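In: Here is a sequence together with a model predicted from it:
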Amino acid sequence: MAKLSTRAADLSERLAQNVQAVCRHYLPSGRREGRYWMVGDVAGTPGRSLYVRLFETERGAIGNWVDAATGEHGDLVDLIRLNQRHGRLSETIEEAELFLSLPPSASDDQRGAASFAKPTRAGSTTAAIRLFAASKPLTGSIASTYLRSRGITRVSDLPALRFHPRCYYRPNEDDDPATAGAFPALIAAVSDNDGVETGAHRTWLDPSGSAKAKVASPRRAMGNILGNAVRFGSADDIMIAGEGIETMLSLREILPTMPMVAATSSAHLAAILFPPTLRRLYVARDRDAAGDAAFGVLTERTQAGGIELVSLMPDLADFNDDLRQHGVAALAERVRHHLRQQDQTRFSLDIG
């Protein structure tokens with residue numbers, strides 16, 4: 001057994017050197033998003049709950065993966081074992097050795113882990129920081145117009161948000177062949193609990209500012225997103241966390257002084273790192289299966305950390321839909337019923 005474990009550890013390192021090829025082979029329905037390969041589950045179902053790390057950082061090794069919906073995690077040997085439904089480790093070792101013996105395709109050879117895991121490569125933390133620094137202030141921009149079209153009026157004093165007039169967009173296989181290579185974009189800084197910038201989130205926009213750009217994936221993240229978030233205010237003991245930027249800004253319309261974070265996706269919401277002083281976490285949920293799964297993971301994590309968890313559930317799909325369809329007063333009334341009395345006093349609801 002010890003010999004098998006040693007072989008598995010060696011294979012794990014070799015597979016990690018070819019992590020993107022492993023993902024394309026065993027999880028072909030997934031796709032690369034920033035520093036991760038995103039897919040629905042270990043079986044390769046389309047979705048975004050499972051993420052495989054494509055870059056090694058201080059937060060984790062290349063090839064490590066987590067399924068935010070189930071809590072499962074492991075290395076690439078574990079991924080192959082579950083994907084192929086092996087009952088014995090020896091079967092997985094044989095499968096992994098067979099995969100590694102296959103001649104790499106031209107795509108694998110050109111795009112394997114060694115070729116793109118460079119600090120200044122597009123999609124890296126360095127590139128994300130440079131993009132945010134090159135962007136312009138939000139006030140008076142197309143991005144500001146876009147937020148107002150979503151019912152969001154508090155667009156000042158948002159240092160985590162900026163605007164880029166011509167942000168590069170890499171079309172994928174779902175885009176029209178004539179898709180442009182750049183669009184105006186809302187650029188959000190992603191940072192850790194200490195405020196250190198670790199990544200960026202891009203929302204490509206229609207030039208009119210009335211909607212998102214008509215592309216297959218108008219939202220993409222870059223840099224080190226796992227555990228981090230787009231932050232509105234500095235959190236101490238109380239915080240609201242949710243998925244989308246527009247969702248959190250909708251709640252900021254009625255709670256402008258309460259610290260909030262946007263994790264950018266359900267998978268990343270499940271994995272946010274809590275401030276060490278956090279005592280109560282409100283979760284602004286999306287009304288869907290992915291949102292339910294993220295809340296389930298957070299329930300376990302907050303219980304283990306001694307943090308009170310409070311659910312904020314929208315009437316419609318998310319709180320931005322609530323804001324646009326029902327108005328700010330109705331949104332304030334709905335949220336008020338879920339806030340603890342002391343938080344209602346400390347963070348007064350504001351309905352304009």
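Out: Arrived safely. Numbering: from 1, shown residues only.

In: which SSE is residue 295 in?
Out: Taking DSSP states H and E as the definition, one finds residue 295 inside helix 289-305.

In: Which strands or helices does that helix pack on?
Out: If you count contacts as 3 or more C-beta pairs under 8 Å, 6 or more residues apart in numbering; DSSP states H and E, helix 289-305 packs onto helix 266-270, strand 280-284, strand 308-312. Using the backbone N, CA and C atoms, a C-beta is placed for each residue, glycine as well.

In: give me the number of residues near residue 341?
Out: 7 (other C-beta atoms under 10 Å).

In: Break the chain into its domains for me.
Out: Listed domain ranges for the chain are 2-116, 119-225, 226-352 (source: automatic domain parsing).

In: can I get the ones you listed in a markdown table with mean pLDDT?
Out: Formatted as a markdown table, the domains of the chain follow (pLDDT from 0 to 100):
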| stretch | mean pLDDT |
| --- | --- |
| domain 2-116 | 81 |
| domain 119-225 | 92 |
| domain 226-352 | 94 |
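
In: Which of the three states applies to the nearest residue to residue 190 once chain neighbours are set aside?
Out: Spatial nearest neighbour of residue 190, chain neighbours left out: residue 199 (3.8 Å); criterion: C-beta to C-beta, 6 or more residues apart in numbering. Following DSSP: H, G, I helix; E, B strand; the rest coil, we place residue 199 in the strand state.

In: So for residue 279, what's the nearest residue that isn't a sequence neighbour?
Out: Residue 279's closest residue in space is residue 237 (C-beta to C-beta, 6+ apart), at 4.4 Å.

In: List the buried residues in the top strand by length along the chain.
Out: Determined from DSSP state E, the single longest strand within the chain is strand 182-191. Residues 183-191 are the ones in strand 182-191 that count as buried (16 or more other C-beta atoms under 10 Å).

In: Could you check how far that strand is from the centre of its chain?
Out: Strand 182-191 sits 14 Å away from the centroid of its parent chain (C-alpha atoms, centre = their mean, to the nearest Å).

In: which helices and strands sit right next to it?
Out: Counting by 3+ C-beta pairs under 8 Å, 6+ apart, strand 182-191 packs on helix 125-134, helix 142-149, strand 161-168, strand 197-204, strand 230-232.

In: cutoff 10 Å now
Out: When contacts are defined as 3 or more C-beta pairs under 10 Å, 6 or more residues apart in numbering; DSSP states H and E, strand 182-191 packs onto helix 125-134, helix 142-149, strand 161-168, strand 197-204, strand 219-223, strand 230-232, helix 245-252, strand 260-262.

In: and that strand with helix 125-134, angle?
Out: Put simply, strand 182-191 runs at 110 degrees to helix 125-134, going by axes from the mean of the first three to the mean of the last three C-alpha atoms, to 10 degrees.
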